[in-house]
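Chemist: predicted coordinates and the sequence they were generated for:
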Amino acid sequence: MENFFDHMEEHEDVNMIKLEVNIDNISSEWLGYTMDKLLKEGANDVFYVPIFMKKNRPAYMMQVLCDQKILENIKRIIFEETTTLGIRYYPVTVHRLGRRFVERKTPWGVVKIKQGIYNGQIVQESPEYEDCKNIADRHQIPLKKIYDYVWKKGYKGKET
């Protein structure tokens, strides 16, 4: 539920920056550590895409989305924690759906559901992973079964 109150209403974030970094000659563990640090610093999103660089070297492209207010801290972490020698970054606008949480009863317990609201209508719905995981562990049933149940009983484009 991080940043939930910042994103309750549908809006556009216009002060966002997208950073791209090509990284080779780095351990996967370092990438995971760097991702954790970036998210802890306030990055909205961090992900890696496998790529091939010159001389056909396997590498990763790291992409980071953050508010421009924390750009310098994000760049510092990337330069300190990775093997890159440069960062590309540019402004982007992010259209965010409004969000709200509801609870849905299942035969095994209650699951929180995150709903995405676009123009006043529910257009996305996603069960909270931790709730589903806890139910699966507690009842020794496949995680997939809980998701299937929640989605089957889902919103179908209407209010629940």
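Modeler: Done, it's in.

Chemist: okay, now the unreliable bits of this structure?
Modeler: 1-7, 154-160 (pLDDT under 70).

Chemist: tell me the domain boundaries of it?
Modeler: Here the domain assignment for the chain is 13-94, 98-152, based on automatic domain parsing.

Chemist: dump these into CSV; add mean neighbour count as well.
Modeler: The way it works is simple: take the backbone N, C-alpha and C, and place the C-beta from them, glycine included. Putting those into CSV (neighbours: other C-beta atoms under 10 Å) gives the following:
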stretch, mean neighbour count
domain 13-94, 15
domain 98-152, 15
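
Chemist: Y90 versus the residue nearest the centre of the chain, what's the distance?
Modeler: For the chain, the residue nearest the mean C-alpha position is D45 (5.2 Å; C-alpha atoms, centre = their mean). According to C-beta to C-beta, to the nearest Å, D45 and Y90 sit 15 Å apart.

Chemist: same deal with K114?
Modeler: In terms of C-beta to C-beta, K114 sits 29 Å off from Y90.

Chemist: same question, N134
Modeler: N134 is 40 Å from Y90, by C-beta to C-beta.

Chemist: and the longest helix along the chain, how far out from the chain middle?
Modeler: The longest helix of the chain (DSSP state H) is helix 28-41. Mean-position distance between helix 28-41 and its chain equals 14 Å (C-alpha atoms, centre = their mean, to the nearest Å).

Chemist: and it, what does it pack onto?
Modeler: Helix 28-41 is packed against strand 45-52, strand 58-67, helix 71-81, with contacts defined by 3 or more C-beta pairs under 8 Å, 6 or more residues apart in numbering; DSSP states H and E.

Chemist: select, out of these, the one closest to L38.
Modeler: Closest approach to L38 among the helices and strands packed on helix 28-41 is made by strand 45-52 (4.9 Å; C-beta to C-beta).
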